[in-house]
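1. predicted model follows, preceded by the sequence.
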Amino acid sequence: MLSLSNDLKPFNPRVNLEDFKGKLNVSLRLLKEYEWLLDAYVLDFFLDDHWSKLPENWQLHFENLPLEHLCELLQNDHQNEKLTWPQELIALKRNIKELCISRTPRNPTDNSLPCPLLEHQKLKHMFTKRVKPKKQHEIRRMSEICALSHHQTPVDFIVDFGAGVGHLARVLGYGFGIQVCCFEMQDELNQQAREIDTKLESMAVKHLNESETNHFKRPVHLTQRLESDTQPEQFLSSIRDALQLKNNDFRFGIVGLHPCGNLGPTLMRMFLGCPLAKFLNFVGCCYQKMTTKITHPRNQVHGYPLSSFLNDNPESQLSYEAREISCHAMEVYHDRLQVGDYEHLRIHSLRAAAERIIVKEFPHLRHCALRNVKHSPGMDFNEYFQKAVQGTRFEALDSRLLSNQQTEEDLKNWKRIVVFYTLRLMLAPLVESIILYDRCLFLMENDCDVRIEAIFDPRLSPRNHITMAVKPQL
Ligand SMILES: C[S@@+](CC[C@H](N)C(=O)[O-])C[C@H]1O[C@@H](n2cnc3c(N)ncnc32)[C@H](O)[C@@H]1O
């Protein structure tokens with residue numbers, strides 16, 4: 001059984017498995033039609049003349065379109081009826097809307113248990129100190145949802161895959177009294193996590209009475225890397241050691257907040273491989289880092305696809321470029337277009353113009369020479385270039401290379417790159433939905449009840465879909 005939260009419809013519409021496979025096939029066909037757009041990296045825009053790839057009527061249309069109107073392509077609601085678009089684009093937008101999983105979160109109170117400790121005047125800062133607003137938002141929502149899962153599917157503890165410094169585990173352990181066993185491969189993060197736990201406990205002693213702390217469960221932080229081929233028995237043995245369990249008489253849930261790349265697929269396999277694991281909640285990220293048959297042909301298993309249905313379909317491959325764009329923040333870009341934030345919108349053109357200069361000098365260094373540059377107001381191309389090559393061997397490049405007719409021409413065409421990037425972003429939810437559908441199907445093929453739903457504000461946290469699964473009661 002699968003439920004997809006789409007357009008704020010009531011939850012839990014039962015979807016027939018065959019209909020669902022049909023939807024996935026249609027999504028893949030649509031993706032194939034626009035492969036030329038999805039696989040075209042914006043960095044290569046000038047080098048590979050991506051503009052010429054657009055149908056001529058699109059080029060004409062966009063040359064005359066005020067930039068702020070472009071944001072229409074990135075929103076599903078509130079269409080401006082006065083605007084006209086090429087027919088093909090209208091159909092594409094409609095299809096994307098029909099096929100993709102909604103990115104709008106539902107009302108949080110519908111599906112979660114709130115945590116009073118996060119509101120405690122003296123202690124709440126222990127959960128938020130040096131934690132970015134994005135992470136605070138994620139931790140709050142994710143912990144509420146995990147606590148509800150724990151309530152609905154009682155387990156002895158929860159295992160957090162890729163726990164980082166343990167923000168989620170801390171809220172679950174101290175806020176909800178749930179025992180959490182964290183797997184994190186970076187030891188320094190685990191050390192930091194233990195320090196924060198200790199500090200929180202000493203603050204709690206000062207500000208809470210015993211009856212308010214006796215539910216506390218200090219998280220256990222294990223330094224261990226979980227690989228695609230880690231066997232369930234190895235994994236369970238680490239848990240038994242960490243929690244000092246004598247036998248296998250326990251049940252647990254598995255969670256992951258942005259487990260990068262293959263760690264998401266690994267936690268799904270572990271969930272299916274361990275009968276003692278009863279529920280699964282995770283929000284994935286870095287889809288481009290997953291292994292595929294194309295990137296790792298010799299590997300036995302891959303991050304994508306996971307389902308037998310897509311593994312049997314030779315047309316199911318998603319390129320690195322397509323998976324990468326599916327991680328970008330389309331809502332933030334929409335807002336920049338809407339308010340005409342040209343400073344930010346020009347950045348891609350600076351980068352693509354710089355790439356053309358570098359590749360002209362060093363053709364073998366495509367995609368690998370430029371550092372990321374944080375936008376600063378009023379930055380011109382020279383300044384951008386210097387920052388982008390700072391600390392690299394290109395720092396010494398003759399600055400005369402920067403002022404040439406070609407670069408001036410490229411920079412003048414910055415709006416074209418905004419159009420092109422917007423069109424790619426429009427397709428991003430299609431790619432992400434295919435990845436999520438594949439995950440769902442994989443879990444469903446293994447008899448789980450699955451649901452996928454947007455839970456974070458996409459403007460704060462662009463990877464905002466949770467995949468939740470439970471196994472049938474035996
Ligand atoms: C994007 S961070 C998320 C951290 C944390 N869940 C949070 O939301 O703050 C992913 C974490 O997973 C860890 N990680 C990545 N691959 C791993 C693996 N194969 N085994 C264990 N930990 C891993 C990384 O070291 C990193 O701390």
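-> All right, it came through fine. Numbering: from 1, shown residues only.

2. pLDDT score assigned to the residue nearest to P377 when sequence neighbours are not counted?
-> Once flanking residues are discounted, P377 sits nearest to E343: 5.9 Å by Cβ to Cβ, 6 or more residues apart in numbering. For glycine as for every other residue, the C-beta is placed from the backbone atoms N, C-alpha and C. Looking at E343, its pLDDT is 84.

3. again, but for S112
-> In this prediction, S112 carries a pLDDT score of 73.

4. what's the answer for the one 4 residues further on, then?
-> Per-residue confidence at P116 stands at 84 (pLDDT).

5. run the chain-centre distance for the helix or strand hosting the residue nearest to P377.
-> Here E343, judged by DSSP states H and E, is contained in helix 342-345. In terms of Cα atoms, centre = their mean, to the nearest Å, the centre of helix 342-345 is set 24 Å apart from its chain centre.

6. then stretch 62-74?
-> In terms of Cα atoms, centre = their mean, the centre of stretch 62-74 is found 26 Å from the chain centre.

7. swap in stretch 298-316?
-> For stretch 298-316, the separation from the chain centroid amounts to 20 Å (computed by Cα atoms, centre = their mean).

8. okay, buried residues for that stretch please.
-> Buried residues in stretch 298-316, counted by 16 or more other Cβ atoms under 10 Å: 302-307, 309-311, 316.

9. can you classify the residue of the stretch 351-474 of the chain found nearest the ligand as helix, strand or coil?
-> For the stretch 351-474 of the chain and the ligand, the shortest gap (Cβ to the nearest ligand atom) falls at R463, measuring 9.5 Å. Assigned with DSSP: H, G, I helix; E, B strand; the rest coil, R463 falls in the coil class.

10. that one is in contact with G284, isn't it?
-> Yes - applying Cβ atoms under 8 Å, one finds R463 in contact with G284, separated by 6.4 Å.

11. what sits in contact with each of these two?
-> Taking Cβ atoms under 8 Å, 6 or more residues apart in numbering as the contact rule, R463 and G284 both touch H258.

12. between those two, which one's more packed in?
-> G284 (27 against 18; other Cβ atoms under 10 Å).

13. and the helix or strand encompassing the more buried one, what does it pack onto?
-> Assigned by DSSP H and E, G284 belongs to strand 277-285. Under the contact criterion of 3 or more Cβ pairs under 8 Å, 6 or more residues apart in numbering; DSSP states H and E, strand 277-285 touches helix 133-152, strand 252-260, helix 263-273, helix 414-445, strand 465-470.

14. the same query, at a cut-off of 7 Å, please.
-> Judged by 3 or more Cβ pairs under 7 Å, 6 or more residues apart in numbering; DSSP states H and E, strand 277-285 is in contact with helix 133-152, strand 252-260, helix 263-273, strand 465-470.

15. compare those and give me the one nearest V418.
-> helix 133-152 (24.7 Å; Cβ to Cβ).

16. tell me the mean pLDDT over the closest one?
-> For helix 133-152, mean pLDDT rounds to 95.

17. other SSEs contacting that helix?
-> With contacts taken as 3+ Cβ pairs under 7 Å, 6+ apart, helix 133-152 sits against helix 167-170, strand 252-260, strand 277-285.

18. got the buried residues for it?
-> Neighbour-count burial for helix 133-152 flags 135, 137-150 (criterion: 16+ other Cβ under 10 Å).

19. let me know the closest of these to V180.
-> Using Cβ to Cβ, C146 comes nearest to V180 of the buried residues of helix 133-152, at 9.1 Å.

20. how about the contacts made by L397?
-> L397 sits next to 361, 389 when contact means Cβ atoms under 7 Å, 6 or more residues apart in numbering.

21. again, only using 10 Å
-> Residues near L397 by Cβ atoms under 10 Å, 6 or more residues apart in numbering: 357-358, 361-362, 385-386, 389.

22. helix, strand, or coil at the residue lying closest to N262 once chain neighbours are set aside?
-> In space, and not counting its chain neighbours, N262 is closest to G303: 4.3 Å by Cβ to Cβ, 6+ apart. Under three-state DSSP, G303 falls in the coil class.

23. so G303 touches I294, yeah?
-> No - shown here, G303 and I294 do not form a contact pair, counting by Cβ atoms under 10 Å, at 11.7 Å.

24. tell me the residues on the stretch 151-300 of the chain that lie near the ligand, please.
-> Counting by Cβ under 6 Å from any ligand atom, the stretch 151-300 of the chain comes close to the ligand at 162-164, 167, 183-186, 189, 225-226, 257-260, 263, 285.

25. now do the same contact list for the closest residue to L43 other than its chain neighbours.
-> Spatial nearest neighbour of L43, chain neighbours left out: E355 (5.1 Å); criterion: Cβ to Cβ, 6+ apart. Going by Cβ under 10 Å, 6+ apart, E355 touches 41-47, 365-367, 369-370, 388, 410.

26. any idea what the residue nearest to the residue of the stretch 351-474 of the chain closest to the ligand when sequence neighbours are not counted is bridged to?
-> Spatial nearest neighbour of R463, chain neighbours left out: C285 (4.5 Å); criterion: Cβ to Cβ, 6+ apart. Under DSSP bridges, the beta-bridge partners of C285 are C260.

27. what's the spacing between C285 and T292?
-> For C285, the distance to T292 (Cβ to Cβ, to the nearest Å) stands at 16 Å.

28. one more: P363?
-> From P363 to T292 the distance is 27 Å (Cβ to Cβ).

29. what does A91 give?
-> For A91 relative to T292 (Cβ to Cβ), the value is 29 Å.

30. compare the two (neighbour count), which wins?
-> More crowded of A91 and T292, by other Cβ under 10 Å: T292, with 18 against 12.

31. so that one touches G261, yeah?
-> No - with contact defined as Cβ under 10 Å, T292 does not reach G261; the gap is 11.1 Å.

32. okay, and the common contacts of those two?
-> Residues touching both T292 and G261 by Cβ under 10 Å, 6+ apart: G303.

33. against E227, how distant is the residue of the stretch 251-400 of the chain found nearest the ligand?
-> Going by Cβ to the nearest ligand atom, the ligand is nearest to L257 of the stretch 251-400 of the chain, at 3.7 Å. Noted for L257: a distance of 20 Å to E227, by Cβ to Cβ.

34. and those two? Which one has more around it.
-> Neighbour comparison, L257 and E227: the larger count goes to L257, with 27 against 12 (by other Cβ under 10 Å).

35. pretty sure the more buried one is touching H137, no?
-> No - in this structure, L257 is not within contact of H137 by Cβ under 10 Å, at 11.4 Å.

36. and for the two, which residues touch both?
-> Residues touching both L257 and H137 comprise S461, with contact defined as Cβ under 10 Å, 6+ apart.

37. which residue, other than its chain neighbours, is closest to R371?
-> The shortest distance from R371 to any non-neighbouring residue, by Cβ to Cβ, 6+ apart, is to A388 (5.5 Å).
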